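Sequence first, predicted coordinates after that:
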Amino acid sequence: MPGPRSLAPRPLTAALLSLGLLGSLATACGSKDSPAPTGAGTAPSPNGASSTSSPAAADAGAEPAKGPTEIAHVGTRTITADDLAAAVQARRGADPADVLSELIDATLLAAEARAAGFQATAASADQAIAAEWSRHQFLETARASVTDADLAVWFAERRAANRLVVQTEAQATEIGQTLAAALKVDPENAVRIFEDIRAKSSLQEPTASPAGALFDAQGRNEVGVAIVPLAIAQATFTLEADGAISGPVALAADRFALVQRVGQRPSVDLASAPEEARTHARDSIATKRAVEAAKAHVAKLRAATAVSIDAAALDALRTSLGKSARARKLPVDLRKLRRDQLLGRPENVPGVRDRAEELRKATPQELLKTPPAPKDHTP
């Protein structure tokens, strides 16, 4: 095997989480022990049976069958190119490097389960053992940790907002005045006008939550994770109607925001919430906690185990599967989307993206002079 390199730890992906906590990964392959030496000339036949060539044939110069290409070593375990190819195909062409990371995580969890004497139900492949072990280790504990206080957070009032961020308070004030004047002329299109000016004037925020994501008065999503700054949440909850816009909100010394409320979901009293809704909330919160516990645990397993990959073999497999030598990044992380759906994340309030080309090019002042007419969406 060519010079191995250390595989940098990756977060557990949604596919592994689905495998370990919520179901099964659609792959039939599994890691296996590193092959021990066998008798000369022994190799599997196409139908799965073993065929043994005679010593005479070997002496006659017959070339021995090559073993499977080794992609990665995880402690004493080996992941082959065949294993990885089957997993990638089952994942409908996912990036082989990502799938390999998932297989490594499953191998680590399965090895831990075997060492602990864990008896999986009619399971022998690493992926299936890791699934049962993860449910046993993380999900059951997480379910027991969910309290009524957690459920109260889930059912609290939530609002959604869009925000425009600039460097100075003076800039925010000036843009706020432009917005106020535009809304007097065309109040029915408040969300679209804000979005058009935001697209032209706002600083990029790589970590900003998507417009329309629902949060409570502390900026938390339903499972209690902060998704917007507290200042943004507080400003949003002072706005009395959708489309209303705040004054400048200080985020940092060189960051000020204007906030527009774009959605609202009323609170639900926990005692009156349907049992089905409470069960869904409890399971979703538990799943989130189990996911976080699994991430931290697998990171520890990786740190304590020798993990290496053959970069050349991985690139060769990617090429053979029709991938470029450099992994192609999808514009949308479908695995994260699947995990969010499994976590019961609420539907986002859609942002307004349907803008005419002239509005994309217009300045805020031009928008004031010629406010666009509302679009007719009648079928």
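Now that the structure is in, tell me what you want to look at. Numbers count the residues shown, from 1 in each chain.

low-confidence ranges in the protein?
1-67, 122-123, 206-211, 323-379 (pLDDT under 70).

max-length helix in it?
helix 275-304 (DSSP state H).

list the helices and strands that helix packs on?
Helix 275-304 is packed against helix 96-115, helix 140-145, helix 148-154, with contacts defined by 3 or more C-beta pairs under 8 Å, 6 or more residues apart in numbering; DSSP states H and E. C-beta here means a position set from N, CA and C on the backbone, and glycine is covered the same way.

just those: most buried one?
helix 96-115 (a mean of 24; mean count of other C-beta atoms under 10 Å).

tilt between it and helix 275-304?
90 degrees (axes from the mean of the first three to the mean of the last three C-alpha atoms, to 10 degrees).

Against which helices or strands is the next helix or strand after helix 96-115 packed?
Scanning forward in sequence from helix 96-115 by DSSP states H and E, the next helix or strand is helix 126-134. Packing partners of helix 126-134 (3+ C-beta pairs under 8 Å, 6+ apart): helix 96-115.

elements contacting the helix it packs on?
Judged by 3+ C-beta pairs under 8 Å, 6+ apart, the packing partners of helix 96-115 are helix 14-17, strand 70-74, strand 77-80, helix 81-90, helix 126-134, helix 275-304, helix 311-320.

Turn those into JSON lines, including distance to residue 158.
Below are the helices and strands packed on helix 96-115 laid out as JSON lines (distance: least, C-beta to C-beta, whole Å):
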{"stretch": "helix 14-17", "distance to residue 158": "24"}
{"stretch": "strand 70-74", "distance to residue 158": "42"}
{"stretch": "strand 77-80", "distance to residue 158": "43"}
{"stretch": "helix 81-90", "distance to residue 158": "37"}
{"stretch": "helix 126-134", "distance to residue 158": "30"}
{"stretch": "helix 275-304", "distance to residue 158": "13"}
{"stretch": "helix 311-320", "distance to residue 158": "42"}
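
wait, which of these is closest to residue 120?
Residue 120 lies closest, by C-beta to C-beta, to one member of the helices and strands packed on helix 96-115: helix 126-134, at 4.6 Å.

Please find the angle between the direction vectors of the closest one and helix 96-115.
Using the same axes, to 10 degrees: helix 126-134 against helix 96-115 is 60 degrees.

Dump helix 126-134 to PDB, restricted to CA.
Taking Å, rounded to 0.1, in the frame of the first residue of the first chain, the C-alpha atoms of helix 126-134 are listed here in PDB:
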ATOM      1  CA  ASP A 126     -19.900  -3.100  10.800                       C
ATOM      2  CA  GLN A 127     -22.600  -0.700   9.600                       C
ATOM      3  CA  ALA A 128     -25.500  -2.700  11.200                       C
ATOM      4  CA  ILE A 129     -23.600  -3.300  14.500                       C
ATOM      5  CA  ALA A 130     -22.700   0.400  14.600                       C
ATOM      6  CA  ALA A 131     -26.400   1.300  14.200                       C
ATOM      7  CA  GLU A 132     -27.600  -0.800  17.100                       C
ATOM      8  CA  TRP A 133     -24.600   0.200  19.300                       C
ATOM      9  CA  SER A 134     -25.300   3.900  18.600                       C
END
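
in it, what counts as buried?
For helix 126-134, a neighbour-count test (16 or more other C-beta atoms under 10 Å) marks 126, 127, 128, 129, 130, 131, 132, 133, 134 as buried.

ok, the third one touching residue 120?
Yes - the pair residue 128 and residue 120 qualifies as a contact (C-beta atoms under 8 Å) at a distance of 6.4 Å.

Just list the residues touching residue 167, thanks.
203, 254, 255, 256 (C-beta atoms under 8 Å, 6 or more residues apart in numbering).
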